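> Test case, fold it:
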Amino acid sequence: METGGTSTFILLQWIYITLLSVIKAQEVKVWPEVTGYLGHDVTLHCEFIQGPQVANITQVQWALLQPNGKENVIIVYNTILGPSIHKPYVEEKVGIEGLSLIIKDVNMTDAGLYRCSISAFPSGAFEGTTKLIVKEQMPLSVGVIAAVVIIVMLMLLIIAATTYLIFIKRCDSSVNLIHTDTNGPVTDVARPSVIKTEQDVVYSEVTTKPSRGETASSRYKHSKTEDITYSEVIFLRQQQ
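I've put the predicted structure just below:
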């Protein structure tokens, strides 16, 4: 009899240790805090962490905790019976996806503590609590911020290009055309910072230099001082 009692005790102890290790390994994992925004949908995540022994989930329940500790059951999902939404909630307001609760068109009254309860066989019941915080305005996402930065950079690039073109145009407008007429071919020269001036200039007391073979009589004829008029003389003045 003692041997039988000892064997039974050892067997129970082994079962207890085995179940304890399984129960400790299995748990419900939820986010401690979730932020929702007015007019948007929010998902309260719930996950069942399996242990060494796989347990079958039979039912999932979501409830809103009241300040007095009571639970307002929102939705129950049974693997056999399917989902059941409790009043005053409706299908257009709440739903379940996997083990997570979806709240649609969030408003300020949706804020509070939510509890996810899971029944699993043969492990038993597990639960986790998450807090929903509701805010009015949704912050800008990383994609939106990146798009704004790219737009600003493009605008700065366009402004810089426009400024450069205006600067080049002004530089081109400061280049004047020089025209020199020496009774020969016309030469056009583009030179910056040059002012074209066309006027008639009268030179007085100009003495001509005698050329080779010129006789004394002809030299005497030109020895007199006379006025010579030159036309189309171009003055070049460097612009200050």
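
> can you give me the helices for the protein?
2-25, 142-173, 216-221 (DSSP state H).

> Pick out the shakiest of these, pLDDT-wise.
Note on the helices of the chain: lowest mean pLDDT is at helix 216-221, with a mean of 52.

> what sits against the spatially closest residue to I96 that is not a sequence neighbour?
What sits nearest to I96 in space, not counting adjacent residues and going by CB to CB, 6 or more residues apart in numbering, is Y77, at 5.2 Å. C-beta coordinates here come from the backbone N, C-alpha and C atoms, glycine included. By CB atoms under 8 Å, 6 or more residues apart in numbering, the contact set of Y77 is Q59, V60, Q61, P83, S84, I96.

> Make a PyMOL selection of the buried ones in the residues you listed.
Buried residues among the contacts of Y77 (16 or more other CB atoms under 10 Å), as a PyMOL selection:
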select buried, resi 59+60+61+96
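
> For the contacts of Y77, give me CSV that also has distance to T35 and pLDDT.
As requested, the contacts of Y77 are exported to CSV (distance: CB to CB, whole Å; pLDDT from 0 to 100):
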residue, distance to T35, pLDDT
Q59, 28, 95
V60, 23, 96
Q61, 23, 96
P83, 26, 91
S84, 28, 93
I96, 20, 92
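
> Tell me which of the contacts of Y77 fall in strands.
Mapping those onto strands (DSSP state E) picks out Q59, V60, Q61, P83, S84, I96.

> okay but the second one is in contact with R115, surely?
No - applying CB atoms under 8 Å, one finds V60 not in contact with R115, separated by 11.3 Å.

> picking that back up, looking at the contacts of Y77, which is nearest Y164?
Of all the contacts of Y77, Y164 sits closest to I96, with 60.5 Å by CB to CB.

> I'd say the closest one and V60 touch.
Yes - with contact defined as CB under 8 Å, I96 counts as touching V60 (6.9 Å).

> Thanks a lot, catch you later.
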